[in-house]
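Trainee: missing the sequence, but the structure's below:
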């Protein structure tokens, strides 16, 4: 399967590496593909520069948002929530039409807090779906650290990944992708339409608070049911 | 210990019954104590009328918000979130000063959704603390059904109750109360000051969505940690 991963932050590169490791064809999309490999310093949270990451994965492409979106059969939005709509505009509605968008973003700035009013009457997932009606938006994986997204066994015991979206077939395809990442079938909770993104985008600030208390990102939400 | 429980809804009566069962002295506060026992019909969700509830607990008092608050050494806010500030005004700052308020409310109307912008820059817990600076507000138990609040073993396996508040001694006292309800020590997560109420008030809409999917209220959030 051909995947476009939009965003060269930690989440984007972690997802891209996992998809590559599973044998998929992957192109990472970014605003300025010339600039990204030129960086030689680790990023703000200590990740190695892109060039070093890609040296071990020369088969993974790097391209503009538009080129990556045109390449992918499935597109992953791993850009920062506050700029996701701008990045998807750059990707281009014509390159996205009819495709599945796995949206793992949260409308939050880790330094400034939520940029929407999560849980109230809207969500970034719904905003993306409205802006790109021909895109099959599936919100998933946005409630945990990216290392847990692609390797849920990092957190032993039961925990959940929430999936929502308006297109049943797109949700099924994303669910199968989650299974391939190692998510047990029972751990995937389908919350219905993309309207439920307003629920799954809400825990992000709480997650950040818990990160401070727990001291590492290997934790996740679980719905314990009697 | 003398407890005031403000609110005669399901949550208030469930908490009051549990406190009574543990041997505490309990007075339930309501707007019009004359009206409450006069009701002869079950409420909108099928709970028996108050008189029937109280017949089995004649030692539990019923009084105005102000009388109940004056009686209690600890006050429990079990009124509906959208009217909590009005109810506490009726209870009276002079009757609340210096006391612990265990605030189990959520700023949500089950039919209309959130009445604040939870998680953004404020919370009902903080609003109550600002309105009553001499009250020691401890937010807890607001992320689950009331039957689980007072009997966590209804949900087998590990799950969490979040506690936050600005007064360390008040949090300690509430934590001890939670232990007496059956919460294991490790299940109580202290999230810091009352500012964290904005985090624990956020899951309420998600909880309501999960209730619809799961079909019964015996579930709870758990933070699974590696």
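Mentor: That came through, no problem. A quick note: this is a predicted structure, and the numbers were derived from the prediction, not measured.
Trainee: Next, count neighbours for the residue lying closest to residue A:22 once chain neighbours are set aside.
Mentor: Spatial nearest neighbour of residue A:22, excluding adjacent residues (C-beta to C-beta, 6 or more residues apart in numbering or on different chains): residue A:180 at 5.8 Å. Placement of C-beta: from N, CA and C, glycine included. Around residue A:180 there are 15 other residues, counting by other C-beta atoms under 10 Å in any protein chain shown.
Trainee: SS state for residue A:180?
Mentor: The local conformation at residue A:180, judged by DSSP: H, G, I helix; E, B strand; the rest coil, is helix.
Trainee: what's the neighbour count on the nearest residue to residue A:147 once chain neighbours are set aside?
Mentor: Once flanking residues are discounted, residue A:147 sits nearest to residue A:154: 5.9 Å by C-beta to C-beta, 6+ apart. Residue A:154: 18 surrounding residues under other C-beta under 10 Å.
Trainee: what does the one 5 residues further on give?
Mentor: Residue A:159 sits with 24 neighbouring residues when counted by other C-beta under 10 Å.
Trainee: How about residue A:86?
Mentor: Residue A:86 has 13 nearby residues by other C-beta under 10 Å.
Trainee: do residue A:81 as well
Mentor: 23.
Trainee: surely the residue nearest to residue A:147 meets residue A:148?
Mentor: Yes: between residue A:154 and residue A:148 there is a contact under C-beta atoms under 8 Å: 5.3 Å.
Trainee: what's the overlap in contacts for those two?
Mentor: Residues touching both residue A:154 and residue A:148 (C-beta atoms under 8 Å, 6 or more residues apart in numbering or on different chains) are residue A:218.
Trainee: Give me the nearest residue to residue A:129, chain neighbours excluded.
Mentor: residue A:137 (4.4 Å).
Trainee: For chain B, see how far away residue A:213 is.
Mentor: Distance of residue A:213 to chain B, computed by C-beta to the nearest C-beta, to the nearest Å: 7 Å.
Trainee: Then residue A:81?
Mentor: Counting by C-beta to the nearest C-beta - residue A:81 and chain B are separated by 14 Å.
Trainee: Flag the shaky bits of chain A, pLDDT-wise.
Mentor: Residue ranges of chain A with pLDDT under 70: A:110, A:112-120.
Trainee: Against chain B, how distant is the spatially most central residue of chain A?
Mentor: Centrality entry for chain A: nearest residue to the mean C-alpha point is residue A:104, 2.7 Å, by C-alpha atoms, centre = their mean. Counting by C-beta to the nearest C-beta, the separation of residue A:104 from chain B is 18 Å.
Trainee: Ok, residue A:125 next?
Mentor: 14 Å.
Trainee: Can you verify residue A:175 is assigned to a helix?
Mentor: Yes: counting by three-state DSSP, residue A:175 is found in a helix.
Trainee: residue contacts, it?
Mentor: Contacts of residue A:175 by C-beta under 8 Å, 6+ apart are A:163, A:188, A:190.
Trainee: if we can go back for a sec, so is the residue nearest to residue A:129 in a helix, a strand, or just coil?
Mentor: strand.
Trainee: ok, now which ones touch it?
Mentor: Contact analysis of residue A:137 by C-beta under 8 Å, 6+ apart lists A:101, A:103, A:125, A:128-129, A:165-166, A:170, A:194.
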